[in-house]
Structures are given as C-alpha cells and as structure tokens.
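Participant: sequence and computational prediction follow.
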2 protein chains.
Amino acid sequence: MLVFGHMNPDTDTIVSAIAYADLASKRGFEAKAVAQGEVNPESAFVLDKFGLTAPEVVTSVAGQKVAIVDTTELTQLPADIAEAEVLAVTDHHKLGDLSTANPLEMWVWPAGCTCTVLKNMYDFYGVEVPKGIAGAMLCAILSDTVMFKSVTCTPADKKAVEELAKIAGVSEPMDLGMEMFKVKSAVDGTPMRDLVFRDYKDFDMGGHGVGIGQLEVVDLDILKPYVDGLYEEIQKVKEEKGHHTIMLMLTDIMKEGTEMLYVSDDKDVFKKSFGIEAGDRSFWLQGCMSRKKQVVPDFQSKAFA
Amino acid sequence: MLVFGHMNPDTDTIVSAIAYADLASKRGFEAKAVAQGEVNPESAFVLDKFGLTAPEVVTSVAGQKVAIVDTTELTQLPADIAEAEVLAVTDHHKLGDLSTANPLEMWVWPAGCTCTVLKNMYDFYGVEVPKGIAGAMLCAILSDTVMFKSVTCTPADKKAVEELAKIAGVSEPMDLGMEMFKVKSAVDGTPMRDLVFRDYKDFDMGGHGVGIGQLEVVDLDILKPYVDGLYEEIQKVKEEKGHHTIMLMLTDIMKEGTEMLYVSDDKDVFKKSFGIEAGDRSFWLQGCMSRKKQVVPDFQSKAFA
C-alpha cells in the first residue's frame, strides 16, 4: 500500500504519509510513505530535525493499493488515481470529488491538521507514536495552525501538540515552531516559480479553474522585494493552466492577515466572495490566515453564484 | 442539526440516525433524527421491540445543518442537499459523489454496518449507549450482515453485537435476528411496488442509470408466487426512471445466494460483470448476499467498460 498526500506536498502531507504508513504497518499492513513531489524547505528542516527520510517521489499509482492523506480533491491527486484501489483516507479538509469503487476506512475531522487526526488514530488503535514521528507531527500541526493562531485551530490540535511534545521530548514547542517558520519565511535565491508552487492547490469550482497558493512569513517585509516577480509568475501560471483566477496568499503570521496577490478574468469575484474592492493586483484581508477555511469556502460558494 | 440516511431507509439508516443524534446531543450538539421515508416492516419491528419512535419524514433540507449516515451518494440524498451544510458523515459504503464546502467530521469504516462504526464512536467519545438504542443497533448489524453470513461482515461487527447485546440485555442475539428476518420475509398483501422499493438504490454508473433493489428472505419459496408481479414492476420502474438496468436481488439467507431478477437494455452487462449468461429475466448467483460488496463494485467497474 502506497501512502501519499496532495501535490506540492507541505509538511502535513509529508509527515501524515510517514505517520500513516508507520501506524498501518504496526496494524499489520504493508505500507510505504511516498510523495507527489520533493519536500519544501520547511519539511526538509522538520525531517532533518527528527532524523526522518524524505519519501520517494511517486506520481503514477495505477494498479496500486493506496491510502490518501490530507486531500480528497482529484485535482490534487495523481492523474491515474481512478485506476488505483483507495483503501483509506485521512484528512481535515472539506470533502472533495474523490469517489471509490469499494468501502474504505476514512478518518476526516474538522481539525487544524491531518496529523491531529493521526494522533487520535494512534491512540484509538493503542499504538505508540515513535519519538521522531511525534516530533515531526508536532511541527506539522504548528505549521498548519500557524502556531495555534489560525481560525482552523481546534482544542484537539492543542491537545495533540501537548501530548506529542512529551513523546518527542520537546520542552518548548513554540520555540521550535518559530524556528520552523523562520525557515519557511526564507525566500532568498528561490526561483519565483518555486515560491508560487511551494504551497499551491488547484480547484475546479463549478467549471472554473481556480489556483490558490500561499506563502507564510513571520514579516511581510521579507516578501516586499519579490512581489513584482511573484505577480509576473502568477500571470504566467494563469495562462498556462487556462484558469479563471489565480490567488497567491502572502500571509503575515505575526500581523495575522493576508495580502492577496491575484490575477483574474473578473475581479468582481472578490467583491462577491469577500465583500472587498480588490486593488489592481492585490488586496488585504485582515485576520485571514487559512486558505481552507477563510478563502476556499467563500470563494467556492459566492464567486460564481 | 438534522440527522438522516439514504432514501428508502433500511434498519441501519433509521437506527444510525437515531444513534448519531443521541451521541451528538450528548456531545453538546442539538441534533434530531429524521428519515427520507416511512420505516419498513423490519425497522418497525425493531423500533417497537426497543421502545423507540420512528423518525419524522423530511425530504427537503435546504438551509439546514445536517449529519448524514449510511451513504455518500447524491442519488440517495435529498435533491437540495447542496443547499445544506454537511457537518458530518458516518458510513460503511464506498465513497460516493457527495462533496462539501467546509471541513467536516467523517467516520467511514469498511465494516458491515454503520451502527458498528457508531458503537466505536460512542466508545471513542466515552458516551454510554442507551439500552434501547443498543438493542436496535444490534438488530441493524444483524440485518446488514445477514446474521454474520454476508461477506461484508467483519470482526468489528461481531464484537459490536457482543457488546451491544450485553448493554441491551439480549441474551440470544441470533434468536432475535431470526425473528427479525421472519418479519422481513413477510410479503403477503404488500403491493409489488413497495416490495421493489423496500431496499432499493439508484446509481449513476458512468452516465448509465442503474437501480438495484434487494429482498432478503429466510426461504426463496416465500417469493415464488410473487416473481411474475415483481418482474412486471421492475419493467415499469425501468421505464419511469429511464434507466439502463434494474436488478432486484431475491436473496435466500439460508441458502446463501441470490436469484437476480432483471430488466436491462443489454444483458451482456451481466456476462461482463459476473461472468454469467443471464436467463431471460433472471440468473442465480451462489454466495452472493451483498449488493454493496458483491454486486455494485463488479457492475460499476465492468458493466460499461
């Protein structure tokens, strides 16, 4: 069984795949964590910190038994996923358009992070979380919940971090989180394309292609010199994909808001979705830190209504 | 929050809705079990046996918060489900075409019955199953697993029945199961239409409409006098729905097999799906007792391939 998450893997997708494969193998299944792409700098920092290895890159899964983590959107899964047998889904997002031919095991919670669900699955099945995996899971939760500041954060996420910190022997999880976000904020020398796709997802919203990327930094000033380059890049991405709209969330985790850089066929969609008059190429959303909870639902239900 | 299952509710759908609403209310949510139709004779027997009330019939859910049990197929949900907010799904079927705008809580297991998943959810949340609900859940599991004979039955189903029997004070669950199946087998005086729709589901299989009903009896001889009438009725249903194929599974739970009554635009679909030369209006499938595991997957993947 191959275990993997979404395209452009983030730390939650990488660590969830590793944790799910570990738990599944301890429950008696043969399971291997893989990923649809190389790990990003944040994930590389986390894996290195806790002595874990980056999963092998696999982009075709026809004929395989698979367990999916961290998504149920076909646009974020391998193109030949319909030819695989999906045995399990573990996730914390809205339910997407994946469907299966057979009954399966799904654990999906409205929590801040798939690793939070996985911590509860370890407990449910009475399996101990290995020390290194516990440390990485803790980082994934701090990353996805922006150190508990995101509206997606739930009491279950905080509880999981507390328990995982004990297992991992991490005495100051928030210090570790800050160290991780500084790594994540580093952009020097990174090609614009890589920045746009660092945490990027495509959606099909009632027939309209929509791409939404996100960069989280400890201070938006870090990105100032790159905004022109990023804007040019999302214009190219829009053209290549033939999408209606591309958004790139430039999220300041200390100011707790997002400068939304965009290109769109129709900037009225932002008025309809967020009640905001978009500027020529960007607008500010105070309090917005979560693509999943503060961007996708409003955009999906209102932009093309 | 309204809690309900699929159209043409069976005992699992009815009892799962009641149990989910009970568990949710004890977790602090306002929740009410409803159903998309009247209960069938088997469910009426079970509810009466354990002092429970049949859920109110509700067929429109626009603007409501809802929790769905026992299905994720849009064809089996209210027509306006897209205008409801789906907060939770508890199921044991393949993943269908439901999708949501927001993150949700999903417990889906490849078990024989949704009530088996619910028993584990009660345990997970540390909530005691009320005596009457425990008895009804036990019956739902015996019904869905055909008293543990179905290939869908898992060790988790047997364990749940054992534990629920203790809570409900049922000393001989199999005797109760047999009593229930005798009620289910009774067909005298029931209109043909009601028999076809007693446990019937529509599927969209790659653009082809397919309807599959099932009647489970303790002895197929009970149905002999009704086969002509049932055949005429599924011809009418096919015409009304404009479907490609209607199948009606006449399942003998003691002989452990199914006489499949059918009408179809192309009887080659049965050769492709089950490797069988269909007779003029029916064929026998030895060992076949489960629509979900022994009919739908093969038909879905092979009939129109």
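Facilitator: Alright, I've got the coordinates.
Participant: tell me the residues of the stretch 101-250 of chain A that contact chain B?
Facilitator: A:101-111, A:124, A:152 (Cβ under 8 Å from any Cβ of the partner chain). From N, CA and C alone the C-beta is placed, and that goes for glycine too.
Participant: tell me the buried residues within these.
Facilitator: A:Asn102, A:Pro103, A:Leu104, A:Glu105, A:Met106, A:Trp107, A:Val108, A:Trp109, A:Pro110, A:Ala111, A:Thr152 (16 or more other Cβ atoms under 10 Å in any protein chain shown).
Participant: number of residues surrounding the closest residue to A:Glu83 other than its chain neighbours?
Facilitator: Among residues not flanking A:Glu83 along the chain, A:Ala62 sits closest, at 3.8 Å (Cβ to Cβ, 6 or more residues apart in numbering or on different chains). Residues near A:Ala62, counting by other Cβ atoms under 10 Å in any protein chain shown, number 11.
Participant: columns distance to B:Lys158 and secondary structure on top of the buried ones among the residues of the stretch 101-250 of chain A next to chain B, output as CSV?
Facilitator: Converted to CSV, these look like this (distance: Cβ to Cβ, whole Å; DSSP: H, G, I helix; E, B strand; the rest coil):
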residue, distance to B:Lys158, secondary structure
A:Asn102, 21, coil
A:Pro103, 17, strand
A:Leu104, 20, coil
A:Glu105, 18, strand
A:Met106, 22, strand
A:Trp107, 22, strand
A:Val108, 26, strand
A:Trp109, 27, coil
A:Pro110, 31, coil
A:Ala111, 31, coil
A:Thr152, 38, coil
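Participant: now for the residues you listed, which pair is the farthest apart?
Facilitator: A:Asn102 and A:Thr152 (30.7 Å; Cβ to Cβ).
Participant: where does the nearest residue to A:Leu250 once chain neighbours are set aside sit: helix, strand or coil?
Facilitator: The spatial neighbour of A:Leu250 that comes closest, neighbours along the chain excluded (Cβ to Cβ, 6+ apart), is A:Glu259 at 4.3 Å. Under DSSP: H, G, I helix; E, B strand; the rest coil, the three-state class of A:Glu259 is strand.
Participant: format the buried ones among the residues of the stretch 101-250 of chain A next to chain B as JSON lines; extra columns: pLDDT.
Facilitator: Formatted as JSON lines, these follow (pLDDT from 0 to 100):
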{"residue": "A:Asn102", "pLDDT": "91"}
{"residue": "A:Pro103", "pLDDT": "93"}
{"residue": "A:Leu104", "pLDDT": "96"}
{"residue": "A:Glu105", "pLDDT": "98"}
{"residue": "A:Met106", "pLDDT": "98"}
{"residue": "A:Trp107", "pLDDT": "98"}
{"residue": "A:Val108", "pLDDT": "98"}
{"residue": "A:Trp109", "pLDDT": "97"}
{"residue": "A:Pro110", "pLDDT": "96"}
{"residue": "A:Ala111", "pLDDT": "97"}
{"residue": "A:Thr152", "pLDDT": "90"}
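Participant: burial check on the residue nearest to A:Ala303 when sequence neighbours are not counted, number of neighbours?
Facilitator: By the measure of Cβ to Cβ, 6+ apart, the closest residue to A:Ala303 outside its immediate chain neighbours is A:Val269, 3.9 Å from it. Residues within reach of A:Val269, counting by other Cβ under 10 Å, total 23.
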